[in-house]
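A.B. asks: Prediction below, plus the sequence it came from.
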Amino acid sequence: MSHRLAVLVSGTGRHLENLATLSTDPAADFDAEIGLVISNRPGVGALDRAARFGLRAEVLQGVEGESDEAYGRRVFDLIRAADADTVILAGFLKKLWIPEDFAGRVINIHPSLLPAFGGKGCYGARVHRAVLARGCQVTGCTVHLVDEVYDNGPILLQRWCAVHPEDTPEALAARVFEEELLALPEALRRFWRR
Ligand code: GAR
């Protein structure tokens, strides 16, 4: 069965581009199309990438004083209207409330081996700086189901890589990201096969 993705973004959109490329490559064994992209920030690179791939994209910013649930309801109204069955948080950095009908169908990728280096405020470059500061010798990425707690839901797939003594946060981020690009599509293939 072909799947329809809603991809939620806040930043550069390299994962979005990877998923869009795979979904148009018949040799990729990736039976999905992207029905909708939602960004909580205007003007981000992910929106340019969505336009380049001809994807429908919406900017949905949080409103001052709005609860997580009220924001989440607006997000999932769009997702239902787009007929998406799987929601991917691909660098989406806002807390997302999930309605019951989408429980177990929202998937996040995080650039560490959770449960290490996760939680509120631990995202992107901050993760890699913390990994280096702690002297870790391995790190990696985690694809997991999203529940109501940050970076907490059941793990679908992890990939790891070495940390080198001379690594800068940027060098480490690049090495982890290579693993991320493999981890997210592979986790989705397995998730849909379950
Ligand atoms: C990725 O490295 C992803 O793991 C991270 O944001 C980056 C998004 O890159 N996500 C988190 O830190 C979530 N806690 P992209 O916008 O270029 O796809």
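C.D. replies: On my side now, so go ahead. Numbers count the residues shown, from 1 in each chain.
A.B. asks: I'd like to know how far residue 136 sits from residue 161.
C.D. replies: Going from residue 136 to residue 161 by CB to CB, to the nearest Å gives 11 Å. Every residue, glycine included, has its C-beta placed from N, CA and C.
A.B. asks: what does residue 54 give?
C.D. replies: Counting by CB to CB, the gap from residue 54 to residue 161 is 33 Å.
A.B. asks: Same drill for the two, tell me which one is more crowded.
C.D. replies: Legend: neighbour count by other CB atoms under 10 Å for residue 54 and residue 161, higher for residue 161 (16 against 10).
A.B. asks: Now name the helix or strand holding that one.
C.D. replies: Assigned by DSSP states H and E, residue 161 belongs to strand 155-162.
A.B. asks: what lines up beside that strand in the sheet?
C.D. replies: If you go by DSSP bridges, strand 155-162 pairs up with strand 138-145 (antiparallel).
A.B. asks: didn't residue 129 look like it was pressed against residue 169?
C.D. replies: Yes. Contact criterion CB atoms under 8 Å: residue 129 and residue 169 qualify, at 4.8 Å.
A.B. asks: List, one by one, the residues from the chain near the ligand.
C.D. replies: Within the chain, the positions adjacent to the ligand are 9, 11-15, 46, 90-91, 109-111, 123-124, 177, 180 by CB under 6 Å from any ligand atom.
A.B. asks: Of the residues you listed, just the buried ones, ChimeraX syntax please.
C.D. replies: Those of those that count as buried under 16 or more other CB atoms under 10 Å are selected in ChimeraX with:
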select :9,11,12,13,14,15,46,90,91,109,110,111,123,124,180
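A.B. asks: Residue 157: which of the residues of the chain next to the ligand is nearest?
C.D. replies: residue 109 (9.4 Å; CB to CB).
A.B. asks: Would it be right to say that that closest one lies in a strand?
C.D. replies: Yes. Residue 109 forms part of a strand when assessed by DSSP: H, G, I helix; E, B strand; the rest coil.
A.B. asks: Just list whatever residues bridge to it.
C.D. replies: So, taking DSSP bridges as the rule, residue 109 has residue 143 as bridge partners.
A.B. asks: Pull the contacting residues for it.
C.D. replies: 15, 88-91, 141-143, 180, 183-184, 187 (CB atoms under 8 Å, 6 or more residues apart in numbering).
A.B. asks: how near is it to residue 36?
C.D. replies: 18 Å.
A.B. asks: I'm done for today, thanks for sticking with me.
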